[in-house]
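*Asks:* the following comprises the amino acid sequence and a computationally predicted model.
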Amino acid sequence: MRADAAARNGGPARADAAARSGGPMRADAAVRDGGGPTRDGGNARAGDGPAMGDGPAMLEVRGLRQHFPVRKDGKKRFLKAVDGVDLEVRAGETFGLVGESGCGKSTLARSVIRIYEPTGGQVLVDGEDITHKPQKQLRPLRKKMQMIFQDPYSSLNSRMSVRDILMEPLIASHVGESAAQREEMAMRALARVGLMADAAGRYPHEFSGGQRQRVGIARALITRPKLVICDEAISALDVSIQAQVVNLLGEFQRELGLAYLFIAHDLSMVRYVSHRVGVMYLGRMAEVCGSEEIYANPLHPYTQALLESIPIPDPAVAAGARAARLEGEVPSPIDPPAGCHFHPRCPKAMSVCRQEEPAMREMGGDHCVRCHLYG
Amino acid sequence: MAGETILKVNNLKTSFATKAGRVQAVRGISFEVRKGEVLGIVGESGSGKSVASLSILRVLPDNATLSADSIDFGGQDLARLPKKEFRKIRGARISMIFQDPMTSLNPLMTAGRQVEESLLEHCPQMGRQAARRKVLELFGRVRMPDAESRYRAYPHELSGGMRQRVMIAMALSCDPELLIADEPTTALDVTIQGQILLLLKELRGAADLSVIFITHDLGVVAGICDRVLVMYGGLVMEEGLTGELFSRPAHPYTLGLLASVPRLDQPKDKRLRPIAGSPPDMLAPPAGCPFFPRCEWARNVCIDGRPECARLSPTHKSMCWLLQPDAPGEGNPFRKAGGAYAG
């Protein structure tokens, strides 16, 4: 099975691609990938895009709740995957969402684009309330909001050629007047993500992981969306390929003024790509602020602990730091701890934390934190 | 750290027969592991790092062909050891932990029972009672909270971090000399990864255990490894002490890897420089340096022949033509102005 997969990846397409990148096109490829030192192959860093907060809000989430009914010990209970989250992403802005597995970040993404039906709160896309719109009326809006998934291998239809994969969203949202025109758009999208024209006739298994994710990006962007949700879009890629994809996403953002909701567990990468960052814990937002601020001045003990857990690729730094580590694990969202959800793991927990849920507090400079320490 | 050598791998090659041809996953690598050290093997998918470690334990699918001049482990050649003899080593003197404990644990057996089984497999004279006590002691060693109830839990009832602790307990059950850890923290959250790395460090210190730690994460390497091999295209590109590798990277691929990851402790406007292109096709790997199609300093010599090994220090080696004495000085990233960096 494994060898089979290896054979597939190493199939003729790959050999071809390798030969290509080694051949006369190589310089070209390097430029496209932003690998050349002379080229502004930048990324979605703060300051590169439009100034933060001046674009219109592309996504507004207000008090979003996503509760799933579950049975536990024969009783009906609710798993509160998302429990009252507010956030806003403006045009041209990248909002990074981080947290441990089980914190609700992926559920939030799915509720926002109505893969799940939210059980409370409001979702506004480009000013339009979509929380309870019937799926049929939602269809024309779908082209405005697209999603890039973690694993392009399972999110691309393996029986469709890349051409068909790219044309499908166009057909679904009635873009383009003829098949020929749609095909032309597909070919342009392909070139735009740095793939050769002959990729159009190939199938997903013929590509490497990074190339497949480029197809995923082309598919998401072909309908010219305004909001793109990247759910761990680079987590499955090798580091050298991650940087290529991040740079590509950044280029598109500057060009098209896209709003990204960037969900990831890699905090170094999130800081790098985001303008603002939100930290989630057990269905709630613990802290939200500018991406430099969150690393320079983390206020919530959970944010501080997360940051301290990140391994730094430098033995000199790695040996010194790392004293304070987070004990324990994320509790079950079916029976979250009373008061502040984080108190059982919090090194600074006080008696009030066990009883009262802290409110989100504005600390100035767009920095909000949900913690009794700042009450 | 400079203890005796417990494992010496000499010219290991592993390939897989597939419909499309022979995938040459590992193409001749040599290295050694010393007592009590953590040796990191870093590389991207397809670099051959996992196959190399599976080859040492000879846990390969039927379509694999393994050849090696020798794999010397305590005087025995693992490459030629009869299957029956190998059983006494695998799981006992050399054990392994994997990325995803869920797929390596039996879902129908409680966590404690599984560790007990592996104990009894290697020490059948130990009774059930004694084995159970030993398992609880092992659970204590891997800092399993609430060990008694975890003993009775099924794998699906445990979190990812706890499952990995069960795997580590199982791997330690026969007091191995060498532990091979294949991306043991990749599937875990950073906070849990931190806990597991700390545990491995403690165990290494307490039990004089040697570890081969396979990962793609340079941050993890910096935190836990004493020495590092950087693999690419089935070959070792660079080898050195962790400090040497990070402070004086001496291969364009290592440079590329380091420039591809953002660092929390660096200003954000330091730009990421991805490595262009994609890894080589291992059905027909390049004859010369496997990295040349992606290397910005590639020359004709890189296409034709594999680079010779350049020694930068007794512990630091690099396989790059740029480090040879006749390499051009102009635009050479490894030559400091005036003097030669290499040699």
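*Replies:* Now that the structure is in, tell me what you want to look at.
*Asks:* which element is the closest residue to chain A within the stretch 101-250 of chain B on?
*Replies:* Proximity of the stretch 101-250 of chain B to chain A (Cβ to the nearest Cβ) peaks at residue B:219, 3.0 Å away. Quick note: C-beta positions are derived from backbone N, CA and C, even for glycine. Here residue B:219, judged by DSSP states H and E, is contained in helix B:218-224.
*Asks:* let me know the average pLDDT across that helix.
*Replies:* Here helix B:218-224 scores 91 as its mean pLDDT.
*Asks:* after it, heading C-terminal, what element do we hit next?
*Replies:* For helix B:218-224, the following helix or strand on the C-terminal side (DSSP H and E) is strand B:227-232.
*Asks:* any idea how chain A splits into domains?
*Replies:* A:2-154+A:221-295, A:301-374 (automatic domain parsing).
*Asks:* quick one, strands of the stretch 151-300 of chain A?
*Replies:* A:227-231, A:259-263, A:276-281, A:284-290 (DSSP state E, counting those that start in this stretch).
*Asks:* with just CA atoms, put the second one into CSV.
*Replies:* Backbone C-alpha positions of strand A:259-263 (Å, rounded to 0.1, in the frame of the first residue of the first chain) are rendered in CSV as follows:
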residue,chain,number,x,y,z
ALA,A,259,-9.3,38.3,3.5
TYR,A,260,-7.8,35.2,4.9
LEU,A,261,-8.9,33.3,8.0
PHE,A,262,-5.8,31.3,8.5
ILE,A,263,-6.2,28.4,10.9
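*Asks:* so which residues make contact with stretch A:354-363?
*Replies:* A:86, A:285, A:299, A:337-340, A:343, A:368-372, A:374-375 (Cβ atoms under 8 Å, 6 or more residues apart in numbering or on different chains).
*Asks:* enumerate the positions of that stretch that are buried.
*Replies:* For stretch A:354-363, burial by neighbour count (16 or more other Cβ atoms under 10 Å in any protein chain shown) applies to A:358, A:361.
*Asks:* ok so, going back, so which of the contacts of stretch A:354-363 sit within strands?
*Replies:* Those of the contacts of stretch A:354-363 mapping onto strands are A:86, A:285, A:368, A:369, per DSSP state E.
*Asks:* for the strands of the stretch 151-300 of chain A, give me JSON lines that also has mean neighbour count.
*Replies:* What follows is the strands of the stretch 151-300 of chain A, written out as JSON lines (neighbours: other Cβ atoms under 10 Å in any protein chain shown):
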{"stretch": "strand A:227-231", "mean neighbour count": "24"}
{"stretch": "strand A:259-263", "mean neighbour count": "27"}
{"stretch": "strand A:276-281", "mean neighbour count": "26"}
{"stretch": "strand A:284-290", "mean neighbour count": "24"}
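*Asks:* residue B:22: which of those strands is closest?
*Replies:* strand A:227-231 (37.5 Å; Cβ to Cβ).
*Asks:* can you list the low-confidence ranges for the stretch 151-300 of chain B?
*Replies:* B:270 (pLDDT under 70).
*Asks:* all the strands of it, residue numbers only.
*Replies:* Going by DSSP E, counting those that start in this stretch, the stretch 151-300 of chain B shows strands at B:178-182, B:210-215, B:227-232, B:235-241.
*Asks:* any chance of those strands in JSON lines, with distance to residue B:102 too?
*Replies:* As requested, these are exported to JSON lines (distance: least, Cβ to Cβ, whole Å):
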{"stretch": "strand B:178-182", "distance to residue B:102": "15"}
{"stretch": "strand B:210-215", "distance to residue B:102": "19"}
{"stretch": "strand B:227-232", "distance to residue B:102": "26"}
{"stretch": "strand B:235-241", "distance to residue B:102": "31"}
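*Asks:* ok, back up a step: ranking the domains of chain A by burial, who's on top?
*Replies:* domain A:2-154+A:221-295 (a mean of 20; mean count of other Cβ atoms under 10 Å in any protein chain shown).
*Asks:* give me the distance between it and the centre of its chain.
*Replies:* Its chain's C-alpha centre and that of domain A:2-154+A:221-295 lie 2 Å apart, by Cα atoms, centre = their mean, to the nearest Å.
*Asks:* just the helices in the stretch 151-300 of chain A please.
*Replies:* A:152-155, A:162-172, A:179-192, A:209-221, A:239-256, A:267-273, A:291-296 (DSSP state H, counting those that start in this stretch).
*Asks:* let me fix that, I meant to ask about the stretch 201-343 of chain B.
*Replies:* Going by DSSP H, counting those that start in this stretch, the stretch 201-343 of chain B shows helices at B:218-224, B:242-247, B:252-260, B:300-304.
*Asks:* can you say which of those is packed in most?
*Replies:* Scoring these by mean count of other Cβ under 10 Å, the most buried comes out as helix B:218-224, with a mean of 24.
*Asks:* contacts for stretch A:228-236?
*Replies:* Contacts for stretch A:228-236 (Cβ under 8 Å, 6+ apart): A:106, A:109, A:112-113, A:145-152, A:209, A:213, A:216-217, A:220-221, A:242, A:245-246, A:249, A:258-266, A:269.
*Asks:* ends of it, what's the gap?
*Replies:* Stretch A:228-236 has an end-to-end distance of 18 Å (criterion: Cα to Cα, to the nearest Å).
*Asks:* rounded mean pLDDT for it, please.
*Replies:* 90.
*Asks:* just the C-alpha atoms of stretch B:288-307, please, in PDB.
*Replies:* Extracted as PDB, the C-alpha positions of stretch B:288-307 are listed here (Å, rounded to 0.1, in the frame of the first residue of the first chain):
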ATOM      1  CA  GLY B 288      25.300  13.600  -9.200                       C
ATOM      2  CA  CYS B 289      24.200  15.600  -6.200                       C
ATOM      3  CA  PRO B 290      20.500  15.000  -5.700                       C
ATOM      4  CA  PHE B 291      20.000  18.600  -4.600                       C
ATOM      5  CA  PHE B 292      21.400  20.200  -7.800                       C
ATOM      6  CA  PRO B 293      18.100  20.900  -9.600                       C
ATOM      7  CA  ARG B 294      17.000  23.000  -6.600                       C
ATOM      8  CA  CYS B 295      20.400  24.500  -5.700                       C
ATOM      9  CA  GLU B 296      21.100  28.100  -6.600                       C
ATOM     10  CA  TRP B 297      24.800  27.400  -6.700                       C
ATOM     11  CA  ALA B 298      24.700  24.400  -8.900                       C
ATOM     12  CA  ARG B 299      27.500  23.900 -11.400                       C
ATOM     13  CA  ASN B 300      28.200  21.300 -14.100                       C
ATOM     14  CA  VAL B 301      30.300  19.200 -11.700                       C
ATOM     15  CA  CYS B 302      27.200  18.800  -9.500                       C
ATOM     16  CA  ILE B 303      25.200  17.200 -12.300                       C
ATOM     17  CA  ASP B 304      27.800  14.600 -13.200                       C
ATOM     18  CA  GLY B 305      29.300  13.400 -10.000                       C
ATOM     19  CA  ARG B 306      28.400  12.900  -6.300                       C
ATOM     20  CA  PRO B 307      30.300  15.300  -4.200                       C
END
